[in-house]
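**Student:** Give me a model of this one.
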Amino acid sequence: MEPTAEPTAAGPAATLRIWADDTRTPILQGLADQFLADYNVELVVEDLGVVQDIRSQVLIAVPAGEGPDIYIGVHDWLGALVESGLVAPIDLGAARDLFVPSTLDAFTYTDGNLYGVPYATENLGFFYNTDLVPEPPTTWDEVLEIGRTLKAAGTVQYAIAIGGDPGYNSFPIQTAFGGYVFGRDETGAWNADDIGLGSEGEIAGVAFMRQAVEEGLMPETTDYDTNHALFETGQIPFLMAGPWALDRIRASGVPYAVAPFFPDEGAPFLGVQGFMVNPYSENVLLAQAFLTEYVATEEVMQTLYETGNRPSAFESVLATTSDPDLAAMGQAGVNAIPMPNIPEMGSVWGAWNAGITIAITGQETPEKAMTDATQQIRDLIVGALVGMVNLPGSYQDQAGCGAAWDPACEATALTVGDDGLYRITIEMPAGDWEY
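**Tutor:** Residues are numbered from 1 along each chain as shown. Presented below is the predicted three-dimensional model:
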């Protein structure tokens, strides 16, 4: 779009409204004066708190015609947003070449359209204790061998631990053995009919973890705080963790570095944050112009990186990242697998995490645990497709679901009464929940 004339005494010709989080709001507000001067359009940026809080507000406000023109979000929201018609396609034009390709892939839906302008990424990194391990190992067998030697010397308790839900937090192990969640069709779109959690490679990855537990080289628990504390106190030489853990790891004083790769070329999941456009906005073209001309610049992307503690989605900024930890995570994430952005992913988390837990604790063999998990996921997906009446909301991960806002979770399916009304009764902890 071509800029308009200078602002007139009559005031701005239009208003462009953005919903952002508390970190990005002041950066975007800093663009307001220039945008007003160039386009005679007022830029209003509203702080909605943390990024995850924006999703629920979008789902409520946009259909009612009360939403913003632009909002910040995460790429794996696309399943719900696209299927509900709450996000508009974006044409980056020549600016596409400025972004890390995997970040554009993450914001591309199964229809082939791009629905976001990415600005930051997050994925696990491979941390190692530099006092115990001078150079990071290149294979998972080496990880166990190093841990085996250190444990025999009485230096550590374990080789490695899984710090959080095992599906996500051990994914680089699973992918190193050939495991995957969903395959892709001939166009590159996610294929929900191809579930890889019962595949030979997935079972091999889970069996590797079970072997490590049996040998005493990995704890059975995947508790986040417990296993991060093991690394921070020098009781394990290796840990997979994301940029969200950097503050606590740095504060612990443990000597560490982040490898720019995972053993055996394992790939973590990639999460991408970006800007999305409200399709009901009266200023869709203006919103796109703002994103491509004012946000997709090295200066703004550099500022977003500096305040966000996440690797940049902008090629030139990522290439000059000065923080060695974020630079290493960014390198390890170049070949990361974007978390599937299709609605069926909501049916995966609970069964996937449970299957791995059942396997590594020895309750079932890895083959049976992951085969059963795969069947549960198929059943959930089929249940959603044949007309399950559900109540997606922020409360679901407290009600027996694997994640919030999951339209395929059986635990929150409504049942129809004799009066034709659908109902559900759930015991919930005290709190504020949205649906």
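
**Student:** Return the residues in contact with I424.
**Tutor:** Listed by C-beta atoms under 8 Å, 6 or more residues apart in numbering, the contact partners of I424 are 391, 412-415. Glycine gets a C-beta too; all of them are placed from N, C-alpha and C.

**Student:** what does W190 give?
**Tutor:** So W190 contacts 110, 182-184, 340-342, 344 (C-beta under 8 Å, 6+ apart).

**Student:** and if you look at D264?
**Tutor:** 138-140, 176-177.

**Student:** One more: A369?
**Tutor:** Counted by C-beta under 8 Å, 6+ apart, A369 has contacts 206, 355-356, 358-359, 363.

**Student:** Output the contacting helices and strands for the longest strand seen in the chain.
**Tutor:** Looking across the chain with DSSP state E, the single longest strand is strand 269-277. Contacts defined by 3 or more C-beta pairs under 8 Å, 6 or more residues apart in numbering; DSSP states H and E place strand 269-277 against strand 70-74, helix 101-106, strand 117-122, helix 284-290, strand 337-338.

**Student:** if we can go back for a sec, so of the contacts of W190, which ones are in helices?
**Tutor:** Among these, no residue falls in helices (DSSP state H).

**Student:** Is the nearest residue to I70 once chain neighbours are set aside in a helix, a strand, or coil?
**Tutor:** Nearest residue to I70, sequence neighbours excluded (C-beta to C-beta, 6 or more residues apart in numbering): I18, at 4.5 Å. Assigned with DSSP: H, G, I helix; E, B strand; the rest coil, I18 falls in the strand class.

**Student:** Enumerate the positions of the helix or strand containing E46 that are buried.
**Tutor:** Element membership for E46, per DSSP states H and E: strand 41-47. By 16 or more other C-beta atoms under 10 Å, the buried positions in strand 41-47 come out as 41-43, 45.

**Student:** Alpha carbons of that strand, as PDB, please.
**Tutor:** Taking C-alpha atoms only, strand 41-47 is exported to PDB below (Å, rounded to 0.1, in the frame of the first residue of the first chain):
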ATOM      1  CA  VAL A  41      -3.800   5.800  10.700                       C
ATOM      2  CA  GLU A  42      -3.800   5.600  14.500                       C
ATOM      3  CA  LEU A  43      -2.100   2.500  15.900                       C
ATOM      4  CA  VAL A  44      -3.600   1.200  19.200                       C
ATOM      5  CA  VAL A  45      -1.800  -1.700  20.900                       C
ATOM      6  CA  GLU A  46      -3.700  -3.400  23.800                       C
ATOM      7  CA  ASP A  47      -1.800  -5.500  26.300                       C
END
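
**Student:** Give me the residues contacting that strand.
**Tutor:** So strand 41-47 is contacted by 4, 12-22, 25, 28-29, 31-32, 35-36, 68, 283, 286, 290 (C-beta under 8 Å, 6+ apart).

**Student:** Going through those residues, which ones are buried?
**Tutor:** Among the contacts of strand 41-47, the ones that count as buried (16+ other C-beta under 10 Å) are 12, 16-21, 25, 28, 31-32, 35-36, 68, 283, 286, 290.

**Student:** Please report how far the residue lying closest to A296 once chain neighbours are set aside lies from L270.
**Tutor:** Excluding its sequence neighbours, the residue lying closest to A296 (C-beta to C-beta, 6+ apart) is A95, at 4.8 Å. Counting by C-beta to C-beta, to the nearest Å, the separation of A95 from L270 is 20 Å.

**Student:** more neighbours, these two?
**Tutor:** L270 (23 against 17; other C-beta atoms under 10 Å).

**Student:** What residues does the spatially closest residue to the more buried one that is not a sequence neighbour make contact with?
**Tutor:** Among residues not flanking L270 along the chain, A336 sits closest, at 3.6 Å (C-beta to C-beta, 6+ apart). Applying C-beta under 8 Å, 6+ apart to A336 gives the contacts 102, 121, 123, 267-270.

**Student:** Let's see the pLDDT reported for A336.
**Tutor:** Note for A336: predicted pLDDT of 93.

**Student:** The stretch 101-250 of the chain: helices as residue ranges?
**Tutor:** Listed in chain order, the helices of the stretch 101-250 of the chain (DSSP state H, counting those that start in this stretch) span 101-106, 140-152, 166-169, 171-176, 200-214, 224-232, 246-252.

**Student:** picking up where we left off before, most neighbours among the contacts of D264, which one?
**Tutor:** Counting by other C-beta under 10 Å, top hit in the contacts of D264: W140 with 23 neighbours.

**Student:** in terms of contact, does that one touch Q174 like I think?
**Tutor:** No: applying C-beta atoms under 8 Å, one finds W140 not in contact with Q174, separated by 10.7 Å.

**Student:** what do those two both touch?
**Tutor:** G266.

**Student:** So G383 versus Y115, what's the distance?
**Tutor:** 27 Å.

**Student:** Name the residue in these two with the higher neighbour count.
**Tutor:** Set side by side, G383 and Y115 show more neighbours around Y115, with 23 against 16, by other C-beta under 10 Å.

**Student:** so that one makes contact with A88?
**Tutor:** Yes: if you go by C-beta under 8 Å, Y115 and A88 touch, sitting 7.4 Å apart.

**Student:** shared neighbours of these two, which are they?
**Tutor:** M276.

**Student:** ok, the residue nearest the centre of the chain to Y168 distance?
**Tutor:** The centroid of the chain falls nearest to G271 when counting by C-alpha atoms, centre = their mean (3.2 Å). Note on G271: its distance to Y168, by C-beta to C-beta, is 10 Å.

**Student:** Which secondary structure element is home to the nearest residue to Y395 once chain neighbours are set aside?
**Tutor:** In this structure, Y395 finds its nearest non-sequential neighbour in W433, 3.7 Å apart by C-beta to C-beta, 6+ apart. Assessed by DSSP H and E, W433 sits outside every helix and strand.

**Student:** Start the count at 53 instead of 1 going forward.
**Tutor:** New numbering, starting at 53: the last item is W485.

**Student:** Please list all residues in contact with W485.
**Tutor:** W485 touches 445-447, 450, counting by C-beta under 8 Å, 6+ apart.

**Student:** That'll do, ta.
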